[in-house]
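S.K.: got a structure for you, letters missing:
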């Protein structure tokens with residue numbers, strides 16, 4: 001990389017960082033990988049800013065971000081493209097009636113092809129990507145060779161905690177990708193995200209929403225806890241419930257543990273907790289109670305049994 005290119009990457013990094021709360025280290029690694037011309041596998045649970053990072057980078061870089069969901073229906077034809085059947089009947093097969101799929105679209109535009117749930121895609125579909133990653137070109141029957149522009153990248157993501165409907169990636173696939181593991185952010189960063197995304201002005205409600213959500217990731221009976229999206233929804237729903245019930249939201253500093261919070265406030269938080277998180281947590285297979293029971297225990301532990309545990313961070 002020349003000094004001019006390095007300066008350009010530094011400027012992109014500076015601009016991208018303005019869109020994010022935390023994630024400086026992950027941003028450095030991801031931006032370094034794509035600037036070096038590498039294709040990337042992002043591995044982490046949902047709600048850990050993977051798509052946010054990519055949107056910010058491609059927006060500041062000025063290249064398209066092409067999304068595709070990895071699943072059993074993602075065939076090579078759907079990935080690469082197909083000829084318009086109606087036009088084929090009139091014109092026969094021609095390059096002009098070819099409808100590009102997301103792979104060809106990203107290659108021609110020099111964009112990032114973002115494949116979510118990468119390990120759910122069929123093996124023959126992933127093999128189609130191998131050629132694009134290795135040679136930066138693919139041969140499309142009756143169309144010709146599609147050459148990728150220099151900024152084309154394949155970025156894949158997968159959830160390491162979800163093994164339902166997934167397959168193990170072959171070494172031929174993983175050998176062509178650099179891997180970036182992304183975990184949950186710390187409590188302070190998550191409070192910043194929830195505050196920014198919700199606009200909720202009660203620091204106590206933001207802190208409670210984050211603490212309750214993070215507690216779902218720490219229990220042995222929960223196989224996968226909620227992401228920060230759960231905390232965002234919890235805070236928003238609780239704020240609406242409080243407004244409907246004319247319950248004032250606490251305005252105490254977020255750094256203080258709850259002290260004698262009104263029962264109508266904690267009741268609103270409980271209702272919001274059950275609504276926002278009951279569909280987001282996955283219990284261990286041996287657990288015989290519903291998610292609502294586990295969430296109520298978390299709420300009791302937070303507000304009733306050990307109130308000092310509500311201290312953010």
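M.R.: Okay, I see it. What you are looking at is a predicted structure, and each value in this text was computed from that prediction instead of being measured.
S.K.: gap between the closest residue to residue 44 other than its chain neighbours and residue 95?
M.R.: Among residues not flanking residue 44 along the chain, residue 182 sits closest, at 3.6 Å (C-beta to C-beta, 6 or more residues apart in numbering). For every residue, glycine as well, the C-beta is placed using N, CA and C. In this view, residue 182 and residue 95 are 40 Å apart by C-beta to C-beta, to the nearest Å.
S.K.: rewinding a little: tally up the residues packed near the residue nearest to residue 44, please.
M.R.: 19 (other C-beta atoms under 10 Å).
S.K.: ditto for residue 123
M.R.: Using other C-beta under 10 Å, residue 123 has 11 other residues around it.
S.K.: now swap in the one 4 residues further on and tell me
M.R.: Under the neighbour criterion other C-beta under 10 Å, residue 127 is assigned a count of 13.
S.K.: what about it, helix or strand, and which?
M.R.: Assigned by DSSP states H and E, residue 127 belongs to helix 123-135.
S.K.: helices or strands up against that helix?
M.R.: Under the contact criterion of 3 or more C-beta pairs under 8 Å, 6 or more residues apart in numbering; DSSP states H and E, helix 123-135 touches helix 76-80, helix 102-109, strand 137-140, strand 153-158, helix 171-174.
S.K.: again, only using 10 Å
M.R.: helix 76-80, helix 102-109, strand 112-116, strand 137-140, strand 144-147, strand 153-158, helix 171-174 (3 or more C-beta pairs under 10 Å, 6 or more residues apart in numbering; DSSP states H and E).
S.K.: quick check: mean pLDDT across it?
M.R.: On average, the pLDDT along helix 123-135 is 90.
S.K.: for that helix, buried residues please.
M.R.: 125, 126, 128, 129, 130, 132, 133 (16 or more other C-beta atoms under 10 Å).
S.K.: likewise for stretch 36-50?
M.R.: 38-50.
S.K.: also stretch 62-80?
M.R.: 63, 64, 65, 66, 68, 70, 74, 76, 79, 80.
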